[in-house]
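Peer 1: need a structure here:
(one chain, ligands or ions: 3)
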Amino acid sequence: MTLPTDGQRAVLKLDIDKFNEVNDTLGHHVGDMVLEQIAARVKSLLTPGDVLARFGGDEFAIYVERRSMSDLRALADEILVASYAPLSLGDLDVVVTASVGIAALTDDDRDAGAVLRRADIAMYTAKKQHAGIEVYREEIDRRTPERLSLLGDLREAIDADALQVHFQPKIDLVTSEVTGAEALVRWTHPTRGFVPPDDFIALAEETGLIKAITDQVLAKALRSVRRWHAAGYRLGVAVNLSTHDLLDELLVDRIAQRLDQNGLLPDVLTLEITESSLLADTPRTMTTIERLRRLGVDLSLDDFGTGYSSLSYLRRLPVAELKIDRSFVSNLLLDQQDEVIVRSTIDLGHNLGLKVVAEGIENSPILDRLASLGCDVGQGYGISRPLDPEMFATWLSTTEFLVERDRSVRAAV
Ligand code: G
Ligand code: G
Ligand code: MN
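Peer 2: Residues are numbered from 1 along each chain as shown. Ligands and ions are numbered 1, 2, ... in the order given. Alright, predicted model coming up:
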């Protein structure tokens, strides 16, 4: 192959995001069609001399020569835009997203191995950061072994049952009563210290560890609820589910079992699902959601406003509440548009018969405003940060918000 004198040779690595979910929910036959259609779209953007190869699974590698890095980025952009367009697969429209890593060839490259590896690293970084495209740089390479060791450590933490759960209180905005708390997973790594969930939940989703995490969070959250009830506090708890959990056919049974173990009725539990997953609306997830509803737990649509759910989708989903995303709530008093969004979401939720929760309430003026807009429930740093179980118990006994307590059952929390 001839090298253009001032040109740039590179390998682009393309990988479809969450392709395993496409296969799992829609079947391998549909997965194959997705791959064929994406490949055809990519091909149509290439010029003679470019080489497109399938790299097993849902990965493609593309060898290209362009004038400059910015031309390479432009090509990667076109590829992403082409993959986002809805794919029609029989009577189904499917939207997939993809990630692209770009690695330039260097004079030291003697074979394809090294450049493919660099493209791979760039692609994984793009995926992890939801960046779409990433160009290989040495500094991201240094983080790759870190990622692998983090994964190993996460596995160990799960096996050792070392993940913890913190609780962030939720307040009834009409009565100022504490209604319950959201359970949030916490991981303190032996050497790194606190690792934010955003850094390990995605990793857990990609590797299937999320099932075990969800189950441990659920177990700990329900154990705490049992203690609260024993101490006379009639509080509920909300647990976050990931999209992946909804594909797990055993999820509903495990939840029923966990409730049973703690002698709790399903109505103490709310499960928060995000609307952002593009593939949520598939037969398998809908079956899980329907079974959860029949079990009698409440479903809440988390981060509402940031995803893609249409109104008709919302009407069909058996959810009991909407949780307005904190990005709208925290600017409520500063940004008129955010105010309009919050106000209309409250109305929308109420018109659909749903309870509306605001998260990310950072101070009392925001809390007051939400109350006057008719929002039902609130949560945020302005009420309390997430607290470990012990601090949560202390908070319950010292907060100025109303805490209903049945005095006849007065065990310590
Ligand atoms: O406090 P915070 O940083 O915990 O949470 C960051 C993000 O991680 C939020 O979007 C939250 O929904 C998510 N998250 C927190 N705990 C859990 C959990 O137990 N399971 C899942 N799937 N997501 C969680
Ligand atoms: O996506 P999810 O709804 O589960 O979000 C919970 C996340 O929001 C947690 O990371 C929690 O720590 C964070 N959080 C809770 N209250 C506030 C708040 O008032 N402001 C901000 N910025 N984040 C908050
Ligand atoms: Mn949540």
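Peer 1: from the chain's centre, how far out does stretch 101-116 sit?
Peer 2: Distance of stretch 101-116 from the chain centroid (CA atoms, centre = their mean, to the nearest Å) equals 33 Å.
Peer 1: contacts for that stretch, please.
Peer 2: By CB atoms under 8 Å, 6 or more residues apart in numbering, the residues outside stretch 101-116 that reach it are 8-13, 61, 69, 72-73, 76, 118-126, 133-136. C-beta: built from backbone N, CA, C; applies to glycine.
Peer 1: only C-alpha atoms, please: export it in PDB.
Peer 2: In PDB, the C-alpha atoms belonging to stretch 101-116 read as follows (Å, rounded to 0.1, in the frame of the first residue of the first chain):
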ATOM      1  CA  GLY A 101     -11.600   4.100  18.400                       C
ATOM      2  CA  ILE A 102      -9.100   5.700  16.100                       C
ATOM      3  CA  ALA A 103      -5.400   4.700  16.100                       C
ATOM      4  CA  ALA A 104      -2.900   6.200  13.700                       C
ATOM      5  CA  LEU A 105      -0.200   4.000  12.300                       C
ATOM      6  CA  THR A 106       3.300   4.900  13.300                       C
ATOM      7  CA  ASP A 107       6.700   4.200  11.700                       C
ATOM      8  CA  ASP A 108       7.300   1.700  14.400                       C
ATOM      9  CA  ASP A 109       4.400  -0.500  13.500                       C
ATOM     10  CA  ARG A 110       5.800  -3.700  12.000                       C
ATOM     11  CA  ASP A 111       2.500  -5.600  12.000                       C
ATOM     12  CA  ALA A 112      -1.200  -5.100  12.500                       C
ATOM     13  CA  GLY A 113      -1.300  -6.300  16.100                       C
ATOM     14  CA  ALA A 114      -0.100  -3.200  17.800                       C
ATOM     15  CA  VAL A 115      -2.200  -0.700  16.000                       C
ATOM     16  CA  LEU A 116      -5.300  -2.900  16.400                       C
END
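Peer 1: return the set of buried residues in it.
Peer 2: Buried residues in stretch 101-116, counted by 16 or more other CB atoms under 10 Å: 101, 102, 103, 104, 105, 109, 115, 116.
Peer 1: wasn't the second one part of a strand?
Peer 2: Same thing as residue 102. Yes: judged by DSSP: H, G, I helix; E, B strand; the rest coil, residue 102 forms part of a strand.
Peer 1: now it: closest residue in space that isn't a chain neighbour?
Peer 2: residue 135 (4.6 Å; CB to CB, 6 or more residues apart in numbering).
Peer 1: tell me, how many residues neighbour the one you found?
Peer 2: For residue 135, the neighbour count with other CB atoms under 10 Å is 20.
Peer 1: what pLDDT does it get?
Peer 2: Looking at residue 135, its pLDDT stands at 94.
Peer 1: generate a PyMOL selection restricted to the buried subset of the contacts of stretch 101-116.
Peer 2: In PyMOL, this line selects whichever of those come out buried by 16+ other CB under 10 Å:
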select buried, resi 8+9+10+11+12+13+61+72+73+76+118+119+120+121+122+123+124+125+126+133+134+135+136
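Peer 1: out of the contacts of stretch 101-116, which sit inside helices?
Peer 2: In this view, the contacts of stretch 101-116 that belong to helices under DSSP state H are 69, 72-73, 76, 118-126.
Peer 1: would you check how far apart residue 53 and residue 73 are?
Peer 2: In this view, residue 53 and residue 73 are 21 Å apart by CB to CB, to the nearest Å.
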